[in-house]
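1. Here is a sequence together with a model predicted from it:
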Amino acid sequence: MPTILDAIRQHGRDRKLPTGLAGAAFWLIVSFVLCWLLSLIPGETGTFFRVLQFLVGLGILGVGLPLVVRFIRNRMMWSLRNKLIITYLLIGLAPVVLVVTFVTISGYIAAGQFAIHLADTRVQAELDQIGADNAGRAARIAHFIATQAPGNSSATTSQVEEINDIEHLTAMAEQRSYLHLHRSLEAFINGAPLTLPKNAAYGGAPLGLPAWATELKGGSFRSVVLDGSEIYLVAIEQQRMNDGRLFTLLTRLPVNGAFMEIVAEGLGHAGVRVESAADDRPVGSRSASSMMGSSRTRTREISGGTEPPPVNIADIRVPFLSTTTVIDWDTGKPDSLPIYVDSRPSLLYLQLFGSSLGGVVTSTIRTGLFILCFLFVLIENLALVMAWRLSSTMTASVSDLYDATLHVDSGNLNHRIAVSRTDQLADLSRSFNQMTLSLQRLLGEQQEKERLQNELSIAQEVQANLFPSSVRDLPTLELHGVCRPARSVSGDYYDFIVFYQDMQNGQPGRTEAGVGIALGDISGKGISAALLMATLHSAVRAYRFASEEVVYAESSVAGLTVSRDGRAGDSGELFASPGRIMALLNRHLYRSTTPEKYATLFLAHYDAATSWLTYSNAGQLPPLLLGRDGAVRRLDKGGTVVGLMDGMQYEEGRFKMESGDILVAYSDGVTEPENDFGDFGEERLMEVVSRYRDQPLHIISGQVMQALDAWIGADEQPDDITLVLARQV
């Protein structure tokens, strides 16, 4: 025994408790069993655990369903054969179930609506008949009353005889239409009841004439009315007599079981439901119910007709409920009254088609339905056979594809699937073979692309080194520049070239004498523009070094010991004339590049001692000078683009920068981005610069970039963005 217990303990230690959904299901089952045991305790404690057991059962159901789905998917649905069987069942049964469901629901709605429509049509037909009879009767009675002396509210003997004649004719008309239906008459003059002979009315408590009906618009009213818990068909006809009095004749027909028998004739069973108070007081409309302040009501049902036995198994009972509009007799406001009809399809079929489609036509339709059902079963069987035959070819093709994927996964791209069929599955195998060929080609292209990407990364790194890595401000001028390429490399160009001179008063050391500012935009984008940008950068720097060479030629030692940033000798003489440098650059690019290559360029020279700035603009968007007073000046003197035509001359502009002036030079990638509101434009650029003009230049630059990003939105950056800022201290 100890050996068995030890084995059980060892087995328990080796097996781990389930986790995830399985673990949750395990602990929920344990909790369910525990709650079931505790629910056996009598009293409130047992009741509490029974409720808790129910909640835990719901949790087991919620956790168990995903586990069952996972089991079916991972175990039962792993096999392709099982998946195909499920697929065939879904393809074959799902449309049938959907069609049958749709036809059943549509047929039920159509049958119920048709039955309600027939019942409502019969009610309206009887109401129209009552209205027509009431109109003729009102004209005759009004004529008789008009012959009476004023103030006499009773009918004369001759008038009584006439009224009796009318009664006789009316009774005959009613007998011709329906039996056991009795109408009641009430007459009023100027809203006051008019006494009629006893035989002129058909009994029943009088409805009276409510205030809203004393003078009707149009002089006529026909509707179903609700008086408390009683329902009537009411027709009112009013006529103005010669003496100005208004004669009103009211005819009513109670809606009772006899009337509902007539409505339900040929339909089955029909009725209406009226709510009344629990103490048998009439509730009437919803407003009356709310005034009573009680929700304890009971429903009174007025119905008639009987349900005939079914003709066949498909001739089921069709109950349908709807509402019809009634008028509250006390208020004259419309209300809704529930009406229902319990019928059968055979009755509705007879009402819809009558007896005209009986005999041969009906038999033909029935035979056609049987033929359609037979064809449907035949098609389903053929589909099953075809699916069974296709399954073998599908499983074979999938097996071949699976084996081929294992070869590809192992790196053998030379493996091919043997194909002998001509169906779509065979084309799939051929496509797999073509895919392996494409993979071999794409791998080679990917390797070539990676090589080009590495070279492009090197080019991007080289170009990044061409831009000023760190900008050193002058004592009188702050400088800042930024370039954000649209692609990996940029065709925009900017540079700061600082010039130095010896300290005055015999003091050792050197100080900044000025700075050259360059901003250019090369035609095109990508690698070609980046290469031309490097050419332009080298040419500008070469002219700077050319001027330095004159200084260094006096001493070879000085040339060997000069620092790489060019802080040796006064090298600013040549840059003091940007127009001259622009002409030299134009000749250099024209003679060393293809005709379609050119560049826009802005060059400026700033003298730190005098704060004078000399510039020349070769087709670049004119930089803007924002003064302390908010005035904006455009720097547009210069000439055409460089590199397009030889022998061009460039004008120069010159002005003195005052404290707080900001020079804003930019490429077209700053002002030309578009959205639904148009271009970003110079106005928005200067608005941002003006708003943050007292902030550090890198803050101003960052705000401009944020405004551009917001303007562009989710679209791709259309062009290189370059911005150069210089502020006089």
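-> Nice, thanks for sending it over.
2. all contacts plus neighbour counts: C-alpha atoms, from now on.
-> Will do.
3. In terms of helices and strands, where is the closest residue to residue 64 other than its chain neighbours?
-> Counting by C-alpha to C-alpha, 6 or more residues apart in numbering, residue 64 lies nearest to residue 25, which is 6.6 Å off, once chain neighbours are set aside. Per DSSP states H and E, residue 25 falls inside helix 20-38.
4. After that helix, heading C-terminal, what element do we hit next?
-> helix 44-71.
5. Does anything pack onto that next one? Which helices or strands?
-> helix 20-38 (3 or more C-alpha pairs under 8 Å, 6 or more residues apart in numbering; DSSP states H and E).
6. got the buried residues for the helix it packs on?
-> 24, 25, 26, 28, 29, 31, 32, 35, 36, 38 (16 or more other C-alpha atoms under 10 Å).
7. would you list the residues you listed in JSON lines and tack on pLDDT and distance to residue 603?
-> Output for those, formatted as JSON lines (pLDDT from 0 to 100; distance: C-alpha to C-alpha, whole Å):
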{"residue": "24", "pLDDT": "84", "distance to residue 603": "74"}
{"residue": "25", "pLDDT": "84", "distance to residue 603": "77"}
{"residue": "26", "pLDDT": "85", "distance to residue 603": "79"}
{"residue": "28", "pLDDT": "88", "distance to residue 603": "80"}
{"residue": "29", "pLDDT": "90", "distance to residue 603": "83"}
{"residue": "31", "pLDDT": "89", "distance to residue 603": "83"}
{"residue": "32", "pLDDT": "90", "distance to residue 603": "85"}
{"residue": "35", "pLDDT": "89", "distance to residue 603": "88"}
{"residue": "36", "pLDDT": "90", "distance to residue 603": "91"}
{"residue": "38", "pLDDT": "87", "distance to residue 603": "92"}
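8. need the longest strand for the protein.
-> Counting residues, the longest strand found in the chain (DSSP state E) is strand 510-522.
9. tell me which residues of that one are tucked away?
-> For strand 510-522, by 16+ other C-alpha under 10 Å, it's 511, 512, 513, 514, 515, 516, 517, 518, 519, 520, 521, 522.
10. in the sheet, who's paired with the residue nearest to residue 468 when sequence neighbours are not counted?
-> Residue nearest to residue 468 in three dimensions, not counting chain neighbours: residue 495, with 6.2 Å by C-alpha to C-alpha, 6+ apart. Bridge pairing for residue 495 (DSSP bridges) gives the partners residue 518.
11. isn't residue 495 right next to residue 519, touching?
-> Yes - the criterion here is C-alpha atoms under 8 Å, and residue 495 meets it with residue 519 at 6.7 Å.
12. hmm, back to that, quick one: contacts of the longest strand of the chain?
-> For strand 510-522, the surrounding residues in contact (C-alpha atoms under 8 Å, 6 or more residues apart in numbering) are 474, 491-503, 529-530, 532-533, 567, 572, 575, 597-609, 620, 665-667, 724.
13. So among these, which ones count as buried?
-> Counted by 16+ other C-alpha under 10 Å, the contacts of strand 510-522 give 474, 491-502, 529-530, 532-533, 567, 572, 575, 597-608, 620, 665-667, 724 as buried.
14. Which ones among those residues map onto strands?
-> Of the buried ones among the contacts of strand 510-522, the ones assigned to strands by DSSP E are 492-502, 599-607, 665-666, 724.
15. Closest one of the buried residues of strand 510-522 to residue 185?
-> residue 521 (101.2 Å; C-alpha to C-alpha).
16. Counting neighbours, what do you get for residue 421?
-> 11 (other C-alpha atoms under 10 Å).
17. element containing it?
-> Residue 421 belongs to no helix or strand, assigned by DSSP H and E.
18. Also the one 5 residues further on?
-> Using DSSP H and E, residue 426 sits within helix 424-466.
19. how distant is that helix from the center of its chain?
-> Its chain's C-alpha centre and that of helix 424-466 lie 38 Å apart, by C-alpha atoms, centre = their mean, to the nearest Å.
20. For that helix, name the packing helices and strands.
-> On a contact count with 3+ C-alpha pairs under 8 Å, 6+ apart, helix 424-466 meets helix 360-409, helix 526-552.
21. what's the closest of those to residue 675?
-> Nearest of those (C-alpha to C-alpha): helix 526-552, 23.7 Å.
22. tell me the mean pLDDT for the closest one?
-> Averaged across helix 526-552, pLDDT comes to 72.
23. With stretch 269-278 instead?
-> The predicted confidence, averaged over stretch 269-278, sits at 79.
24. Tell me where the model's unsure across this structure.
-> 1-17, 76-77, 148-181, 195-205, 276-297, 354-359, 502-509, 544-574 (pLDDT under 70).
25. Direction-wise, compare the helix ranked longest in it with helix 360-409 and give the angle.
-> When the chain is parsed with DSSP state H, its longest helix is helix 80-146. Taking axes from the mean of the first three to the mean of the last three C-alpha atoms, to 10 degrees, one finds helix 80-146 and helix 360-409 inclined to each other by 140 degrees.
26. Check the offset of helix 80-146 from the chain's centre.
-> With C-alpha atoms, centre = their mean, you get 35 Å for helix 80-146.
27. Can I get the helix holding residue 25 as PDB, trimmed to CA atoms?
-> The C-alpha coordinates for helix 20-38 follow below in PDB (Å, rounded to 0.1, in the frame of the first residue of the first chain):
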ATOM      1  CA  GLY A  20      -5.000  29.300 -19.500                       C
ATOM      2  CA  LEU A  21      -8.600  28.400 -20.500                       C
ATOM      3  CA  ALA A  22      -8.100  24.800 -19.600                       C
ATOM      4  CA  GLY A  23      -7.000  25.800 -16.100                       C
ATOM      5  CA  ALA A  24      -9.900  28.200 -15.700                       C
ATOM      6  CA  ALA A  25     -12.300  25.400 -16.800                       C
ATOM      7  CA  PHE A  26     -10.700  23.000 -14.300                       C
ATOM      8  CA  TRP A  27     -11.000  25.400 -11.300                       C
ATOM      9  CA  LEU A  28     -14.600  26.400 -12.300                       C
ATOM     10  CA  ILE A  29     -15.600  22.700 -12.300                       C
ATOM     11  CA  VAL A  30     -14.000  22.300  -8.900                       C
ATOM     12  CA  SER A  31     -15.900  25.300  -7.700                       C
ATOM     13  CA  PHE A  32     -19.100  24.100  -9.200                       C
ATOM     14  CA  VAL A  33     -18.900  20.700  -7.400                       C
ATOM     15  CA  LEU A  34     -18.000  22.500  -4.200                       C
ATOM     16  CA  CYS A  35     -21.000  24.900  -4.500                       C
ATOM     17  CA  TRP A  36     -23.200  21.900  -5.200                       C
ATOM     18  CA  LEU A  37     -22.200  20.200  -2.000                       C
ATOM     19  CA  LEU A  38     -22.600  23.400   0.000                       C
END
